[in-house]
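Asker: Predicted model and sequence follow; I will ask about them next.
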Amino acid sequence: MARAVSMRRKLTMTVLVWVVALIMFFPILYTIITSLKTEGEAAAGFSMLPSFTFESYALVLDQQDYFRPFFNSVIISIGSTVLALLISIPAAWAMAFTPTPRTRDVLMWMLSTKMMPAAGVLVPMYLIFLNTGLLDTLLGLTIILTLVNLPIVVWMLYTYFKEIPVDILEAARMDGATLPKELVYVLLPMAVPGIASTLLLNVILAWNEAFWTLRLSTTNAAPLTAFIASFSSPQGQFLAKLSAASVLAILPILLLGWFSQKQLVRGLTFGAVK
Amino acid sequence: MATRQTHRLARLMMTPSVAALLLWMLVPLALTIWFSFQRYRLTNPAISGFAGFSNFSFFVTDPAFWPAILNTLLIAGGVLVLTAGLGIGLALMLDQPIFGQGIVRILMISPFFVMPPVAAVIWKHELMNPTWGVFASVSRFFGMEPVNWLGSFPLLSIILIVAWQWLPFATLILLTAMQSLSEEQKEAAEMDGANVFRRFWYIILPHLARAITVVILIQTIYLLGVYAEIQITTGGGPGFASTNLPFLIYNVGVLGGNIGAGAAGGLVAVVLANVVAIFLMRAVGRNLDA
Amino acid sequence: MGSITLEHVNKTFGGHQVIPDVSLEIKDGEFVVFVGPSGCGKSTLLRLIAGLEDTTGGHIKLDGVDVTDKGPAHRGLAMVFQSYALYPHMTVRQNIGFPLKMANMDKAAAEQKVNDAARVLNLTDYLDRKPRMLSGGQRQRVAIGRAIVRQPKAFLFDEPLSNLDAALRVNMRIEITELHQQLKTTMVYVTHDQVEAMTMADRIVVLNAGRVEQFGTPLELYKAPANKFVAGFIGSPKMNFFEGAAAGKYQAASVGVRPEHIRISRDAGDWQGRVGVAEHLGSDTFLHVHVEGAGLQTVRTEGENSFNPGDEVWLTPDPARIYRFDGAGLAL
Ligand SMILES: Nc1ncnc2c1ncn2[C@@H]1O[C@H](COP(=O)(O)OP(=O)(O)OP(=O)(O)O)[C@@H](O)[C@H]1O
Ligand SMILES: [Mg+2]
């Protein structure tokens, strides 16, 4: 009896949750569908049945260089993430394991640097980039994205490290481990899930960053955000083509997100769970 | 001594991050302050020199100024309310045993992977377009006039788009927090005779306080700076109906070529961000105490 | 070799003085137990010896060499933590071998030592498991194994048994004692369980609020407690105390009698009272007696006796076993 009730409940919940999930996913799904339509079909209004043509993709790839912005995106998002991790891991270690009364303030200050509106400091940054030759370079974008995401990376690692019992690090010290060895042999292996999750989130954030990447790049270093922005202007009328370009811009990170969903979610707590 | 050495080392290890962020904060800020007191036109190099507070008065008397402040707060507030509220609902649903949990999760989380310009393009052209958009088709199906979303409700439309992008993030964090609530605690509440609503109100919601704080904190950081979505969908219009502060600053400073006024606007935005930050820390920061 | 000397060691945590001033001399090969109530600074003192905390003042010497300024990695001590602190990502083999790896020991020799330690600790079958697949007792043994492979100058234990169930605790207690007899290495052992302290220690340090109340062999502490605190802390059940008139008879501010040194009778005696609760342990029975003018007192009697709750009884202390204390609580 109870089983039957809980079964019915499970079925009801399943239907409900699936409906909500499909609504959430619908905009992406519909874009994929539209990208497989002809322009005529796309302009004809709502339809979930495309003719499965890839002509829009062919057109997009023909007119625009896709691979260059794609690789630019890959380089700057991975580069900035690795850089951010390299300087955040020691900082997060210090904050998590040798806390001082000011640690929380430092952390909050770091986060507050992210509250500074990018638009407000665009001009000075633009001028600095112009004068240092960083404008429209991969290096320049990598540096900017590193700085932009650094507070989030530090915070994520910090919350993750804090869950590691300090006893274990002390045991390593008693066992004769010096600090570098303690980090390499004990802390990092234990923090792998947290670091993986931080890395994934940061790659996603960097990939999708759409202010600095748009403003500080023109052609050479332009990543996929710029690629899609160039479509959203007058060509917007060509719905199928626009959809194809959209899919091309988000597909890599969507696939990465799907495949690494478990790892990503595992560390995505920001210390929200005690 | 031993641990004192460790502490010194710890300070050393924090130096790169702290220094990088300090530079990243101070240099642009100092330059912005400098520019905000200068006459500086991109279009006319002849105009230069000390400007006093004229850039500030120029910026704050812009007819779009107050609407922009209001819109900035409305976008952040609206998205926060929507994502936190719906996020709790979705997390409650995802916490139940269902079939196909893995796929559902992947579907739910997907909007978070979509870059803002693409999200804007999708919503503008595929969904909200009054002629061929999906919403228009739905309206017509029910025999109603299609709504021109971006034209008639620009701010609401933008809030919806941004909320769609951030809902997965909120849901995931809230869900993880919810799953950390021990089964025993829920059962104890059930034994105590608490009904579903009371259990939610007295057990689950307090347990989520920390997670909600985190969601609010992190999202606010991003929401105060919403830019690409506005530029692509409404261009800030109609009128100033969907102009927020970052957008206005860009318009005045870069597009309008008045660097000084843009910088003054930048400082206004910094002040606003700090006011919001202080307000947030007061309101929710204590939940973060370790 | 492993003598440990503390000279006027003190420790302050952010203005809060936890250890005011401790001087101790622990001899090579000794098994010394720190006991005291929760929060009295046992762990802090142990961690000071380990080097995990810095002293605020004073000196710590190992074998006569001042190590106050040396880090934990360089003191040559081994520690077993209450939480075991095993490395979760390493197998038992790697856990035990870790100190040897840190000491850059030759692989084959290290392997040999790990195997030896595993054999001694009955861990041979578990060498390739991760700690999470072990029981509490096995984890504890791995932690001990990790401590012994390096042949430290001394072992430090911080309440190593408190996460184990009662039966296992007794077993491990014996195992650690045997280990000490075998290795003859200095051991410093922190516990708040005075039974552990009495059964394991060569000498016991009784701590209270960061001060050493007494340092001596278990029997010394039992027979000649230096003050009221030690008298009350050592011995189970606790010593009974009388104040006021009952104490005045012995020319002391207060007197103490252990429950095992009180005779109980139905007809006559020094103090009259009424039996409250009777705790039957089988071999013994503890009677809690309400004594007029002196409150609740505990008496230890043989397991099978005829006293029932509510009975009127008389208590008589063994006059040779009465402890007298002055107004400051010091033994007279
Ligand atoms: N890192 C620290 N910072 C501040 N105070 C501390 C710190 N470590 C310990 N204390 C304080 O020092 C006192 C002694 O603590 P300690 O851990 O040594 O007690 P203990 O005797 O081991 O107690 P227990 O039996 O509960 O383990 C306590 O009051 C504690 O609050
Ligand atoms: Mg302790």
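Answerer: On my side now, so go ahead. Residues are numbered from 1 along each chain as shown, chains lettered A, B, ... in the order given. Ligands and ions are numbered 1, 2, ... in the order given.

Asker: mind giving me the domain ranges of chain A?
Answerer: Per the record, chain A has its domains at A:1-65+A:231-260, A:67-225, by automatic domain parsing.

Asker: got these as TSV, with mean pLDDT and distance to C:Ile262 columns?
Answerer: Just so you know, the C-beta spots here come from the backbone N, C-alpha and C atoms, and that holds for glycine as well. Below are those laid out as TSV (pLDDT from 0 to 100; distance: least, Cβ to Cβ, whole Å):
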stretch	mean pLDDT	distance to C:Ile262
domain A:1-65+A:231-260	83	59
domain A:67-225	88	44
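
Asker: Any part of the helix or strand encompassing A:Ala92 near chain B?
Answerer: Following DSSP states H and E, one finds A:Ala92 within helix A:67-97. Yes - part of helix A:67-97 sits near chain B under the criterion Cβ under 8 Å from any Cβ of the partner chain, namely A:87-88, A:90-91, A:93-95, A:97.

Asker: Can you name the residue of the stretch 51-200 of chain A that approaches chain B most closely?
Answerer: Relative to chain B, the nearest point of the stretch 51-200 of chain A is A:Gly120 (2.7 Å; Cβ to the nearest Cβ).

Asker: Contact residues of the stretch 151-300 of chain C facing ligand 1?
Answerer: When proximity is defined by Cβ under 6 Å from any ligand atom, the stretch 151-300 of chain C lies next to ligand 1 at C:His192.

Asker: what's the spacing between the residue nearest in space to the middle of chain A and A:Ala92?
Answerer: The centre of chain A sits closest to A:Ile204, judged by Cα atoms, centre = their mean, with a distance of 1.3 Å. Distance, A:Ile204 to A:Ala92, using Cβ to Cβ, to the nearest Å: 19 Å.

Asker: What of C:Ala247?
Answerer: On the measure of Cβ to Cβ, C:Ala247 and A:Ala92 end up 60 Å apart.

Asker: just C:Gly276 next, same as before
Answerer: 58 Å.

Asker: Roughly how far does the closest residue to B:Leu21 other than its chain neighbours sit from chain C?
Answerer: The spatially closest residue to B:Leu21, leaving aside those adjacent along the chain, is A:Thr113, at 5.1 Å (Cβ to Cβ, 6 or more residues apart in numbering or on different chains). According to Cβ to the nearest Cβ, to the nearest Å, A:Thr113 and chain C sit 29 Å apart.

Asker: my read: A:Thr113 touches B:Ala20, true?
Answerer: No - assessed by Cβ atoms under 8 Å, A:Thr113 is found out of contact with B:Ala20, at 9.7 Å.

Asker: Any part of the longest helix along chain A near chain B?
Answerer: Ranked by residue count and defined by DSSP state H, the top helix of chain A is helix A:2-35. Yes - using Cβ under 8 Å from any Cβ, helix A:2-35 comes into contact with chain B via A:9-11, A:13-14, A:16-18, A:20-22, A:24-28, A:30-31, A:34.

Asker: Could you list the buried residues of the lengthiest helix in chain B?
Answerer: Longest helix in chain B, counting residues (DSSP H): helix B:2-36. Within helix B:2-36, the residues that count as buried by 16 or more other Cβ atoms under 10 Å in any protein chain shown are B:2-3, B:6, B:9-10, B:13-14, B:17-18, B:20-21, B:24-25, B:28-29, B:31-32, B:35-36.

Asker: what does stretch B:55-75 give?
Answerer: For stretch B:55-75, the neighbour count (16+ other Cβ under 10 Å) marks B:55-56, B:58-59, B:62, B:64-65, B:67-69, B:71-75 as buried.

Asker: For it, what is the distance to the chain centroid?
Answerer: Chain-centre distance of stretch B:55-75: 18 Å, with Cα atoms, centre = their mean, to the nearest Å.

Asker: Which parts of the chain are helices?
Answerer: In the absence of a named chain, this looks at chain A. A:2-35, A:39-43, A:55-63, A:67-97, A:103-113, A:122-132, A:138-162, A:166-174, A:179-181, A:188-208, A:212-215, A:224-229, A:239-259, A:261-266.

Asker: my question was about chain B
Answerer: Using DSSP H, the helices of chain B run over B:2-36, B:54-60, B:65-94, B:101-109, B:116-121, B:134-141, B:149-152, B:154-179, B:183-191, B:196-198, B:205-223, B:228-233, B:245-249, B:259-284.

Asker: Could you check how far C:Asn308 is from ligand 1?
Answerer: In this view, C:Asn308 and ligand 1 are 38 Å apart by Cβ to the nearest ligand atom, to the nearest Å.

Asker: where does that residue fall, helix, sheet strand or coil?
Answerer: Here C:Asn308 is recorded as coil under DSSP: H, G, I helix; E, B strand; the rest coil.

Asker: these two touch, right, it and C:Gly276?
Answerer: No - the criterion here is Cβ under 8 Å, and C:Asn308 misses it with C:Gly276 at 10.8 Å.

Asker: Give me the neighbour count for whichever residue of the stretch 51-200 of chain B sits closest to chain C.
Answerer: Of all residues in the stretch 51-200 of chain B, the one sitting closest to chain C is B:Ser180 (18.8 Å; Cβ to the nearest Cβ). Burial of B:Ser180 is recorded as 15 neighbouring residues (other Cβ atoms under 10 Å in any protein chain shown).

Asker: Tell me the confidence at the closest residue to A:Pro90 other than its chain neighbours?
Answerer: Leaving aside its sequence neighbours, A:Pro90 sits nearest to B:Met13 (Cβ to Cβ, 6+ apart; 3.5 Å). Among the per-residue scores, B:Met13 shows a pLDDT of 83.

Asker: repeat for C:Lys153
Answerer: In the predicted model, C:Lys153 carries a pLDDT score of 91.
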